[in-house]
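Undergrad: Dropping a prediction and its sequence here:
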Amino acid sequence: AFTSSSVFTSGYAPGYAKLNKRGGAGGWSPLDSDHYQWLQVDLGSRKQVTAIATQGRYSSSDWTTRYRLLYSDTGRNWKPYHQDGNIWVSIIIMHKL
């Protein structure tokens, strides 16, 4: 299940954040006024996540350039993911084809 801090309009709902989703506007977008944007993915039970993939919005030049990964077993106490002792922040560089 996907939830988010806000939604730009119904065509940009969190459920559209799935990879290769072409419905709606092709991806999730928060309100411009939302300065603490977040997207939450509830896996339903404890899972080991081994990879995360990010892509731009379908049929658009919009994409995420940076995000921070946090995790929680309860949905209340969130912890930043650490890698090699450092808080992990993804820097994504995308090129238009």
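TA: Looks like it came in fine.
Undergrad: Shouldn't S60 be within a helix?
TA: No. Counting by DSSP: H, G, I helix; E, B strand; the rest coil, S60 falls outside a helix, being coil.
Undergrad: Report how many residues lie close to it.
TA: Per other CB atoms under 10 Å, the neighbour tally for S60 reads 11. C-beta: built from backbone N, CA, C; applies to glycine.
Undergrad: cool, and A13?
TA: Neighbour tally, A13, other CB under 10 Å: 19.
Undergrad: That one - nearest residue in space that isn't next to it in sequence?
TA: By the measure of CB to CB, 6 or more residues apart in numbering, the closest residue to A13 outside its immediate chain neighbours is V7, 5.5 Å from it.
Undergrad: isn't the one you found right up against P30?
TA: Yes. Look at V7 against P30 with CB atoms under 8 Å: they come within range, at 6.8 Å.
Undergrad: what separates S72 from T64, distance-wise?
TA: Counting by CB to CB, to the nearest Å, the gap from S72 to T64 is 21 Å.
Undergrad: Good, we can wrap up now.
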